[in-house]
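Enquirer: Would you be able to build a 3D model of this:
(chains A and B)
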Amino acid sequence: GAVVSQHPSRVICKSGTSVKIECRSLDFQATTMFWYRQFPKQSLMLMATSNEGSKATYEQGVEKDKFLINHASLTLSTLTVTSAHPEDSSFYICSARLGVGGGEKLFFGSGTQLSVL
Amino acid sequence: DAKTTQPPSMDCAEGRAANLPCNHSTISGNEYVYWYRQIHSQGPQYIIHGLKNNETNEMASLIITEDRKSSTLILPHATLRDTAVYYCIVRVSHSGGSNYKLTFGKGTLLTVNP
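Expert: Sure thing, here's the model as predicted:
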(Lines give C-alpha, C1' and ligand atoms only; values in the text may rest on other atoms or scores of the structure.)
Protein backbone atom coordinates (compact mmCIF):
# COMPACT_ATOMS: atom_id res chain seq x y z
CA GLY A 1 0.00 0.00 0.00
CA ALA A 2 0.87 3.66 -0.23
CA VAL A 3 3.15 5.11 2.44
CA VAL A 4 2.67 8.31 4.38
CA SER A 5 5.57 9.42 6.52
CA GLN A 6 5.04 11.72 9.49
CA HIS A 7 7.74 13.39 11.54
CA PRO A 8 8.54 13.76 14.31
CA SER A 9 6.89 10.84 16.05
CA ARG A 10 7.19 12.49 19.42
CA VAL A 11 7.96 16.03 20.52
CA ILE A 12 8.14 17.72 23.88
CA CYS A 13 8.18 21.50 23.98
CA LYS A 14 7.83 24.37 26.37
CA SER A 15 4.67 26.39 26.59
CA GLY A 16 4.72 29.32 24.18
CA THR A 17 6.94 27.74 21.57
CA SER A 18 5.93 26.60 18.10
CA VAL A 19 6.14 23.07 16.76
CA LYS A 20 6.14 21.96 13.15
CA ILE A 21 4.96 18.52 12.07
CA GLU A 22 5.66 17.20 8.57
CA CYS A 23 3.56 14.81 6.55
CA ARG A 24 4.93 13.31 3.34
CA SER A 25 3.40 10.96 0.82
CA LEU A 26 6.39 8.86 -0.20
CA ASP A 27 5.24 7.00 -3.27
CA PHE A 28 2.29 8.97 -4.56
CA GLN A 29 1.17 12.52 -5.09
CA ALA A 30 -1.55 13.86 -2.88
CA THR A 31 -3.45 16.99 -3.78
CA THR A 32 -5.43 16.64 -0.58
CA MET A 33 -4.15 15.83 2.88
CA PHE A 34 -5.96 15.87 6.18
CA TRP A 35 -4.93 16.63 9.74
CA TYR A 36 -6.56 14.93 12.69
CA ARG A 37 -6.14 15.25 16.44
CA GLN A 38 -6.81 12.51 18.95
CA PHE A 39 -7.04 12.86 22.72
CA PRO A 40 -6.54 9.82 24.97
CA LYS A 41 -9.31 7.24 24.71
CA GLN A 42 -11.16 9.33 22.14
CA SER A 43 -11.68 8.98 18.43
CA LEU A 44 -9.93 10.97 15.74
CA MET A 45 -11.19 14.48 15.23
CA LEU A 46 -10.68 16.13 11.86
CA MET A 47 -8.96 19.49 12.22
CA ALA A 48 -8.48 20.64 8.65
CA THR A 49 -8.23 19.71 5.01
CA SER A 50 -5.00 20.70 3.32
CA ASN A 51 -5.08 21.42 -0.41
CA GLU A 52 -1.95 21.71 -2.50
CA GLY A 53 -1.44 25.25 -3.68
CA SER A 54 -4.37 26.76 -1.82
CA LYS A 55 -5.54 27.63 1.65
CA ALA A 56 -6.51 24.92 4.07
CA THR A 57 -10.12 24.40 5.08
CA TYR A 58 -10.56 24.25 8.84
CA GLU A 59 -13.28 22.46 10.74
CA GLN A 60 -15.54 24.43 13.01
CA GLY A 61 -13.89 25.34 16.27
CA VAL A 62 -10.31 24.89 15.04
CA GLU A 63 -8.27 28.10 15.19
CA LYS A 64 -6.61 28.64 11.85
CA ASP A 65 -4.14 31.16 13.29
CA LYS A 66 -3.00 28.67 15.88
CA PHE A 67 -2.75 25.62 13.64
CA LEU A 68 -0.98 26.78 10.50
CA ILE A 69 -1.13 24.41 7.57
CA ASN A 70 1.03 24.61 4.48
CA HIS A 71 0.72 22.28 1.50
CA ALA A 72 3.40 23.60 -0.79
CA SER A 73 3.92 20.49 -2.89
CA LEU A 74 2.07 17.38 -3.93
CA THR A 75 3.98 15.29 -1.43
CA LEU A 76 4.35 17.51 1.62
CA SER A 77 1.98 19.14 4.08
CA THR A 78 3.05 20.73 7.34
CA LEU A 79 1.15 21.57 10.48
CA THR A 80 2.61 24.21 12.78
CA VAL A 81 1.19 24.53 16.26
CA THR A 82 1.95 28.13 17.18
CA SER A 83 2.41 29.30 20.75
CA ALA A 84 1.66 25.84 22.05
CA HIS A 85 0.02 25.42 25.45
CA PRO A 86 -0.51 22.35 27.61
CA GLU A 87 -4.06 21.95 26.32
CA ASP A 88 -2.61 21.45 22.82
CA SER A 89 -0.94 18.26 24.01
CA SER A 90 -2.41 15.53 21.86
CA PHE A 91 -1.75 12.90 19.21
CA TYR A 92 -1.70 14.54 15.77
CA ILE A 93 -2.20 12.39 12.69
CA CYS A 94 -2.01 13.28 9.03
CA SER A 95 -3.45 11.44 6.09
CA ALA A 96 -3.26 11.68 2.34
CA ARG A 97 -5.92 10.84 -0.20
CA LEU A 98 -5.06 8.46 -3.01
CA GLY A 99 -7.29 8.01 -6.00
CA VAL A 100 -10.57 9.51 -7.08
CA GLY A 101 -14.10 8.33 -7.55
CA GLY A 102 -15.04 4.99 -6.04
CA GLY A 103 -11.49 3.82 -5.53
CA GLU A 104 -10.20 6.56 -3.28
CA LYS A 105 -8.67 5.76 0.05
CA LEU A 106 -6.93 7.60 2.85
CA PHE A 107 -3.49 6.55 4.01
CA PHE A 108 -2.34 7.72 7.39
CA GLY A 109 0.95 8.68 8.95
CA SER A 110 2.10 7.08 12.16
CA GLY A 111 1.18 10.13 14.21
CA THR A 112 2.98 12.69 16.34
CA GLN A 113 2.61 12.74 20.10
CA LEU A 114 2.92 16.36 21.21
CA SER A 115 3.53 17.12 24.87
CA VAL A 116 3.56 20.77 25.91
CA LEU A 117 5.08 21.46 29.31
CA ASP B 1 -22.81 11.49 5.72
CA ALA B 2 -24.78 8.61 7.19
CA LYS B 3 -24.21 7.77 10.84
CA THR B 4 -22.88 4.35 11.83
CA THR B 5 -23.43 2.27 14.95
CA GLN B 6 -20.88 -0.25 16.17
CA PRO B 7 -20.58 -2.25 19.38
CA PRO B 8 -18.00 -0.66 21.67
CA SER B 9 -16.04 -3.85 22.16
CA MET B 10 -15.72 -7.47 21.06
CA ASP B 11 -13.53 -10.42 21.90
CA CYS B 12 -12.26 -13.11 19.59
CA ALA B 13 -10.10 -16.18 20.06
CA GLU B 14 -6.84 -16.32 18.15
CA GLY B 15 -7.19 -18.29 14.93
CA ARG B 16 -10.96 -17.89 14.78
CA ALA B 17 -12.88 -15.58 12.49
CA ALA B 18 -13.71 -12.14 13.83
CA ASN B 19 -17.02 -10.73 12.62
CA LEU B 20 -17.45 -7.03 13.29
CA PRO B 21 -20.92 -5.60 12.66
CA CYS B 22 -21.87 -2.10 11.61
CA ASN B 23 -25.30 -0.56 11.24
CA HIS B 24 -25.82 2.28 8.79
CA SER B 25 -29.55 2.37 8.32
CA THR B 26 -29.60 5.90 6.88
CA ILE B 27 -27.05 5.20 4.18
CA SER B 28 -27.68 6.82 0.81
CA GLY B 29 -27.38 5.13 -2.55
CA ASN B 30 -24.09 6.83 -3.40
CA GLU B 31 -22.37 6.30 -0.05
CA TYR B 32 -19.57 3.78 0.30
CA VAL B 33 -18.79 1.75 3.40
CA TYR B 34 -15.18 2.05 4.56
CA TRP B 35 -13.36 0.13 7.26
CA TYR B 36 -10.22 1.33 8.98
CA ARG B 37 -8.46 0.12 12.08
CA GLN B 38 -6.15 1.77 14.58
CA ILE B 39 -3.66 -0.14 16.61
CA HIS B 40 -2.77 1.59 19.85
CA SER B 41 -0.68 4.76 19.39
CA GLN B 42 -0.49 4.39 15.61
CA GLY B 43 -2.21 6.02 12.68
CA PRO B 44 -5.29 4.31 11.24
CA GLN B 45 -4.86 1.67 8.56
CA TYR B 46 -7.15 1.23 5.57
CA ILE B 47 -8.73 -2.23 5.45
CA ILE B 48 -11.42 -2.37 2.80
CA HIS B 49 -14.35 -0.52 1.30
CA GLY B 50 -17.39 -1.27 -0.85
CA LEU B 51 -20.59 0.13 -2.30
CA LYS B 52 -23.05 -2.75 -2.52
CA ASN B 53 -21.22 -5.87 -3.58
CA ASN B 54 -19.27 -7.98 -1.14
CA GLU B 55 -15.55 -7.33 -1.27
CA THR B 56 -12.50 -9.35 -0.30
CA ASN B 57 -8.82 -8.52 -0.14
CA GLU B 58 -5.76 -9.90 1.55
CA MET B 59 -6.76 -8.46 4.90
CA ALA B 60 -10.49 -9.03 5.21
CA SER B 61 -13.89 -9.52 3.66
CA LEU B 62 -16.72 -7.02 3.66
CA ILE B 63 -20.27 -8.29 3.57
CA ILE B 64 -22.95 -5.68 2.83
CA THR B 65 -26.60 -6.60 3.23
CA GLU B 66 -28.86 -6.32 0.21
CA ASP B 67 -30.65 -3.28 1.63
CA ARG B 68 -27.23 -1.80 2.49
CA LYS B 69 -28.39 -0.88 5.98
CA SER B 70 -25.70 -2.92 7.66
CA SER B 71 -22.40 -4.58 6.96
CA THR B 72 -19.94 -7.00 8.54
CA LEU B 73 -16.19 -6.95 8.42
CA ILE B 74 -14.71 -10.43 8.60
CA LEU B 75 -11.14 -11.18 9.62
CA PRO B 76 -10.96 -14.87 8.65
CA HIS B 77 -8.20 -15.97 11.01
CA ALA B 78 -7.65 -13.39 13.72
CA THR B 79 -4.20 -13.03 15.25
CA LEU B 80 -3.02 -11.17 18.32
CA ARG B 81 -1.78 -8.39 16.04
CA ASP B 82 -5.35 -7.76 14.90
CA THR B 83 -6.19 -6.31 18.32
CA ALA B 84 -7.22 -2.75 17.47
CA VAL B 85 -10.09 -0.29 17.26
CA TYR B 86 -12.05 -0.90 14.06
CA TYR B 87 -13.92 1.99 12.49
CA CYS B 88 -16.83 1.64 10.10
CA ILE B 89 -17.42 4.83 8.10
CA VAL B 90 -19.88 5.63 5.37
CA ARG B 91 -18.96 8.32 2.95
CA VAL B 92 -19.96 9.76 -0.37
CA SER B 93 -17.10 9.26 -2.76
CA HIS B 94 -16.56 12.36 -4.86
CA SER B 95 -14.60 12.51 -8.04
CA GLY B 96 -12.43 15.22 -6.61
CA GLY B 97 -12.43 18.46 -4.74
CA SER B 98 -11.58 19.41 -1.23
CA ASN B 99 -14.80 18.35 0.42
CA TYR B 100 -13.88 14.68 0.65
CA LYS B 101 -13.21 13.73 4.25
CA LEU B 102 -13.70 10.84 6.62
CA THR B 103 -15.38 11.33 9.97
CA PHE B 104 -14.47 8.75 12.59
CA GLY B 105 -16.90 7.52 15.21
CA LYS B 106 -15.94 5.60 18.33
CA GLY B 107 -15.41 2.27 16.60
CA THR B 108 -15.20 -1.24 18.04
CA LEU B 109 -12.30 -2.33 20.19
CA LEU B 110 -11.52 -5.87 19.06
CA THR B 111 -9.43 -7.86 21.49
CA VAL B 112 -7.96 -11.08 20.16
CA ASN B 113 -7.20 -13.48 22.97
CA PRO B 114 -4.63 -16.28 22.92
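
Enquirer: So for stretch A:33-42, first residue to last residue, what's the gap.
Expert: End-to-end distance for stretch A:33-42: 22 Å, by Cα to Cα, to the nearest Å.

Enquirer: Contact distance from chain B - what residues of chain A qualify?
Expert: A:1, A:4, A:6, A:32, A:34, A:36, A:43-46, A:49, A:51, A:54, A:57, A:91, A:93-95, A:97, A:100-102, A:104-111, A:113 (Cβ under 8 Å from any Cβ of the partner chain). (Glycine included, C-beta is placed from N, CA and C.)

Enquirer: give the contact list for B:E14.
Expert: B:E14 sits next to B:A78, B:T79, B:L80, B:V112, B:N113, B:P114 when contact means Cβ atoms under 8 Å, 6 or more residues apart in numbering or on different chains.

Enquirer: and chain A, which of those residues reach it?
Expert: Checked against chain A using Cβ under 8 Å from any Cβ, the contacts of B:E14 give no members in range.

Enquirer: Name only those of the residues of chain A next to chain B that count as buried.
Expert: Neighbour-count burial (16 or more other Cβ atoms under 10 Å in any protein chain shown) is assigned, among the residues of chain A next to chain B, to A:4, A:6, A:32, A:34, A:36, A:44-46, A:49, A:51, A:57, A:91, A:93-95, A:97, A:104-109, A:111.

Enquirer: before we move on, back to that, show me which of the contacts of B:E14 is closest to chain A.
Expert: For the contacts of B:E14, the residue nearest chain A by Cβ to the nearest Cβ is B:T79; the value is 18.6 Å.

Enquirer: re the thing from before, which ones among the residues of chain A next to chain B are found in helices?
Expert: Among the residues of chain A next to chain B, none falls in helices (DSSP state H).

Enquirer: For the residue nearest the centre of chain B, name its beta-bridge partners.
Expert: Centroid check for chain B by Cα atoms, centre = their mean gives B:W35 as the closest residue, at 2.9 Å. On the basis of DSSP bridges, B:W35 is bridged to B:I48, B:C88.

Enquirer: low pLDDT regions in chain A?
Expert: The model of chain A has pLDDT under 70 over residues A:1, A:100-103.

Enquirer: Go ahead and flag the most central residue of it.
Expert: Using Cα atoms, centre = their mean, the most central residue of chain A is A:W35, at 3.3 Å.
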